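**Q** Quick one: sequence plus predicted model below, questions after.
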Amino acid sequence: MTTVAAPGQGRVGPKEPVTGRRAVASSQHRIVTDTMLDTLRAGGNAVDAAIAGNLVQAVVQQDMTNHTGTVTALVYDANTGEVAELNSMGTIVPGLAPFAPIPVGKGLYAAAPGTPRAVAPGFMPGMKALYERFATLPWARLCESAVHWAEEGHVVTSFEHLVLAQTVDFFLYTESGRKHFTPDGHLPQVGDRWASPELAETMRALSQDGPDHFLTGKWAQDFVARGNELGWNVKLENLTAIPPRWSSGHRWEHKGSTVVQQSAPERQGIFCQIVLGILDELGITSVGHWSESAEALYYLAHALRRATLETGILNDPGVFGDPTGPLTSPALIKGFAHILRNAKARIDLTEHVKLTRGVPAMAASGAAKQPAGSCELTVVDERGNWVQMMNTLQSGGIPGEVVGGVPMVGSHAMNSLLSPIEGWVVGGGRMRSILSNTMVLRDGKPWLSLGSPGNVHCTVPQVLSNILDFGMDPYDADDAPRCLPYEDDHTISVESRVSPDVPAGLAKLGVLTNPLPEYDYHMGTYQMAWREDDGSLGTCTGPRREGVAAGL
């Protein structure tokens with residue numbers, strides 16, 4: 001089998017979609033994509049490839065992920081024709097007092113609310129659950145790339161250095177963090193080969209002992225000892241007290257397609273159903289695309305705001321009631337659209353905007369101050385198995401600490417309807433977040449899968465609408481300008497590639513346009529796969545970050 005790639009792969013900036021006759025893979029890093037394709041060549045299936053990719057991703061992208069964070073996935077099993085949803089977010093240990101060794105505002109996730117707290121890691125329990133249910137190759141084979149690149153080191157890119165420089169002071173608060181990220185007092189520089197003997201030793205032990213090395217083995221024991229030394233009374237049994245959760249996902253219909261996404265307590269599926277439902281009720285395609293129409297952008301930003309507010313009430317259905325049905329009822333969504341249609345200004349408010357906030361204009365500005373981390377990957381094998389998977393540094397481990405070469409972030413969960421992550425210290429429920437794994441089925445089989453890091457709460461519905469409503473090709477749907485939800489002070493933040501008429505049109509509605517960079521990396525970059533009419537596979541990675549898409 002020959003690998004097929006395309007110009008622009010691996011760098012921040014424009015890229016081209018790729019076609020694969022037998023299999024495709026896409027990730028944010030060349031080493032990860034190469035690892036997934038090598039695993040497929042070795043006879044592995046899509047889950048084998050995803051596991052191997054995740055393990056090495058946490059070695060070569062420690063600006064974005066680690067081996068203790070969160071793992072979620074949608075897996076289409078060609079043998080059964082079913083989609084399985086995996087939720088393996090880190091967990092709050094029931095009854096154990098919150099432990100927050102890092103002051104709020106330290107570097108990583110400084111823009112996120114709440115002080116980072118220690119939680120039980122979710123990454124390796126998720127790897128174990130995937131391996132036991134779907135994998136075919138020996139576990140040690142899936143660890144080979146992670147061991148190799150931890151030993152040999154990977155070359156630091158400009159994007160990796162940028163993100164590390166923006167976030168590293170979170171880890172400079174601890175001795176272990178300083179030793180790991182600034183061993184000579186400085187971050188690894190662009191072009192340096194960054195190896196970690198300590199992480200390599202951990203990866204070798206993981207290869208030999210299996211996932212239990214992180215759950216009950218030596219790394220787990222070292223983790224518990226470190227927590228106890230710092231004053232966190234965690235116990236070894238706490239690491240396996242709440243196992244990963246399998247489900248069939250949240251499913252909803254849109255224009256002849258079945259969309260499958262993460263289910264409650266995750267917010268993404270319900271969020272997208274609300275947004276696309278509102279836009280459909282408003283006849284968004286007749287209004288125009290939000291990159292060219294002020295009215296469409298007004299509707300989109302308000303729909304995103306409404307979904308943000310409504311889904312804040314979601315929590316684990318095992319602990320709370322499940323409002324999924326009422327939140328996605330056609331009558332409620334139709335009512336939201338009716339409110340938006342009737343709430344617009346009826347007179348020209350441009351002069352008001354000029355007098356109170358300045359003349360509306362579009363120009364380059366600072367990037368959105370939002371969390372940057374997480375990794376998404378896509379892989380489809382020649383048997384027809386699909387995996388859309390996310391791994392992230394969020395919600396795992398002891399904040400700021402590094403154990404066995406594995407850096408940890410903990411969780412920024414806080415109890416608030418507006419918090420992106422919420423969890424409860426009793427009851428053993430899973431935390432609520434909003435993660436991007438998405439599959440679109442036609443005739444019961446995957447036609448498209450997608451996901452992204454960054455501001456996924458608002459970007460997934462925009463990319464889905466671009467494809468399902470406006471008929472864009474997947475790469476063009478990712479490339480198109482994106483916005484943040486409507487803000488309380490009547491501002492819409494949007495990438496500054498919209499039509500020059502849009503800011504003036506918004507000003508007439510009493511809205512100020514806040515221009516983001518033309519391509520804001522906080523808005524993510526999508527890893528996608530799709531099936532062409534001739535049966536071949538397509539894949540791509542977006543322009544806002546690094547990434548490589550390739551096929552066999």
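**A** It's in. Numbering: from 1, shown residues only.
**Q** residue contacts, Leu464?
**A** Residues near Leu464 by Cβ atoms under 8 Å, 6 or more residues apart in numbering: 254, 259, 272, 276, 438, 440, 450. The C-beta positions use only the backbone N, C-alpha and C, and glycine is treated the same way.
**Q** Could you export these as JSON lines, including distance to Pro14, pLDDT and secondary structure?
**A** Below are these laid out as JSON lines (distance: Cβ to Cβ, whole Å; pLDDT from 0 to 100; DSSP: H, G, I helix; E, B strand; the rest coil):
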{"residue": "His254", "distance to Pro14": "29", "pLDDT": "97", "secondary structure": "strand"}
{"residue": "Val259", "distance to Pro14": "28", "pLDDT": "98", "secondary structure": "strand"}
{"residue": "Cys272", "distance to Pro14": "27", "pLDDT": "98", "secondary structure": "helix"}
{"residue": "Leu276", "distance to Pro14": "27", "pLDDT": "98", "secondary structure": "helix"}
{"residue": "Thr438", "distance to Pro14": "23", "pLDDT": "98", "secondary structure": "strand"}
{"residue": "Val440", "distance to Pro14": "25", "pLDDT": "98", "secondary structure": "strand"}
{"residue": "Leu450", "distance to Pro14": "18", "pLDDT": "97", "secondary structure": "strand"}
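**Q** With distance to Thr356 and neighbour count added, can I get those residues in a markdown table?
**A** Shown next, in a markdown table, are those (distance: Cβ to Cβ, whole Å; neighbours: other Cβ atoms under 10 Å):
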| residue | distance to Thr356 | neighbour count |
| --- | --- | --- |
| His254 | 39 | 17 |
| Val259 | 41 | 22 |
| Cys272 | 34 | 27 |
| Leu276 | 33 | 24 |
| Thr438 | 40 | 27 |
| Val440 | 43 | 19 |
| Leu450 | 40 | 27 |
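**Q** Point to the residue nearest the middle of the protein.
**A** The chain has Pro453 as the residue nearest its centroid, 3.4 Å off, counting by Cα atoms, centre = their mean.
**Q** Surely that one is within a helix?
**A** No: counting by DSSP: H, G, I helix; E, B strand; the rest coil, Pro453 falls outside a helix, being coil.
**Q** wait, it sits on Gln61?
**A** No: with contact defined as Cβ atoms under 8 Å, Pro453 does not reach Gln61; the gap is 10.1 Å.
**Q** Identify the contacts common to these two.
**A** 28, 375.
**Q** so how far is the helix or strand bottoming out on mean pLDDT in the chain off the chain centroid?
**A** For the chain, using mean pLDDT, DSSP states H and E, the weakest element among its helices and strands is helix 158-167, scoring a mean of 91. In terms of Cα atoms, centre = their mean, to the nearest Å, the centre of helix 158-167 is found 18 Å from the chain centre.
**Q** who does the longest helix that the chain contains touch, helix- and strand-wise?
**A** In the chain, with assignment by DSSP state H, the single longest helix is helix 294-311. Using 3 or more Cβ pairs under 8 Å, 6 or more residues apart in numbering; DSSP states H and E, the elements in contact with helix 294-311 are helix 268-281, helix 284-287, helix 330-343, helix 456-468, strand 491-495, helix 501-508.
**Q** which stretch among those comes nearest Gly384?
**A** Distance to Gly384, taken as Cβ to Cβ, is lowest for helix 456-468 among the helices and strands packed on helix 294-311, at 21.0 Å.
**Q** ok, Gly249 to Arg531 distance?
**A** Going from Gly249 to Arg531 by Cβ to Cβ, to the nearest Å gives 19 Å.
**Q** Which residue of those two possesses the greater neighbour count?
**A** In this view Gly249 and Arg531 are compared by other Cβ atoms under 10 Å, and Gly249 has more residues nearby, 23 against 19.
**Q** Which residues are in contact with the more buried one?
**A** Gly249 neighbours (Cβ under 8 Å, 6+ apart): 74, 83-85, 260-263, 269, 439.
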